[in-house]
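**Student:** Give me the fold of what follows.
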Amino acid sequence: MQLPDIDDRHVFAAAICGHASVIVTFNLKDFPAAVLKPKGMEAQDRDEFIRHLCDFNQAAVLSAVRVQREQLKNPPRSARELLDTFLEQRLVRTVAALEPMIELL
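**Tutor:** Just a heads-up that it's a prediction; the model follows:
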């Protein structure tokens, strides 16, 4: 396993053992397509991954986000506040997908 950062080998090995098709990471450069593609994998940042989940099963994502928001007690968060937090975490595409349905969150 030839990765740019040898400390990431365990992530790649776990993905192989788990038959993963995607590695979700902040460090896309550490998981080059040339290494992942032969194993049937790709690397995605978390925003891209969640956005794909929205496309795949919007109802499940809306439900998960609503449950997450409802579990926030200290302090509680409105749907808008939660989306603002997502923006602070650089989940721009995720927020763009969720904003039209903010009343369901």
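**Student:** show me where pLDDT drops low in this protein?
**Tutor:** Scanning the chain for pLDDT under 70 picks out nothing.
**Student:** who are the neighbours in contact with the one residue sitting closest to the centre of it?
**Tutor:** Residue closest to the average C-alpha location in the chain (C-alpha atoms, centre = their mean): R46, at 2.9 Å. By C-beta atoms under 8 Å, 6 or more residues apart in numbering, R46 lies in contact with 24, 26, 91. Every residue, glycine included, has its C-beta placed from N, CA and C.
**Student:** again, only using 7 Å
**Tutor:** 24, 91 (C-beta atoms under 7 Å, 6 or more residues apart in numbering).
**Student:** Ramachandran coordinates for it?
**Tutor:** As for R46, its main-chain torsions (degrees, to the nearest 10) stand at phi -60, psi -30.
**Student:** and what of D8?
**Tutor:** phi -100, psi 0.
**Student:** My guess is it contacts D30. True?
**Tutor:** Yes - between D8 and D30 there is a contact at 5.1 Å, judged by C-beta atoms under 7 Å.
**Student:** which non-adjacent residue is nearest H52?
**Tutor:** Q44 (7.3 Å; C-beta to C-beta, 6 or more residues apart in numbering).
**Student:** Using the record's assignment, carve this protein into domains.
**Tutor:** The chain is divided into the following domains under automatic domain parsing: 6-44, 48-104.
**Student:** Can I get those domains in a markdown table including mean neighbour count?
**Tutor:** Formatted as a markdown table, those follow (neighbours: other C-beta atoms under 10 Å):
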| stretch | mean neighbour count |
| --- | --- |
| domain 6-44 | 14 |
| domain 48-104 | 14 |
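**Student:** contacts for the lengthiest helix in the chain?
**Tutor:** Criterion DSSP state H: the longest helix present in the chain is helix 58-71. Residues from elsewhere that reach helix 58-71 (C-beta under 7 Å, 6+ apart): 53-54, 77, 79, 82, 98, 101, 104-105.
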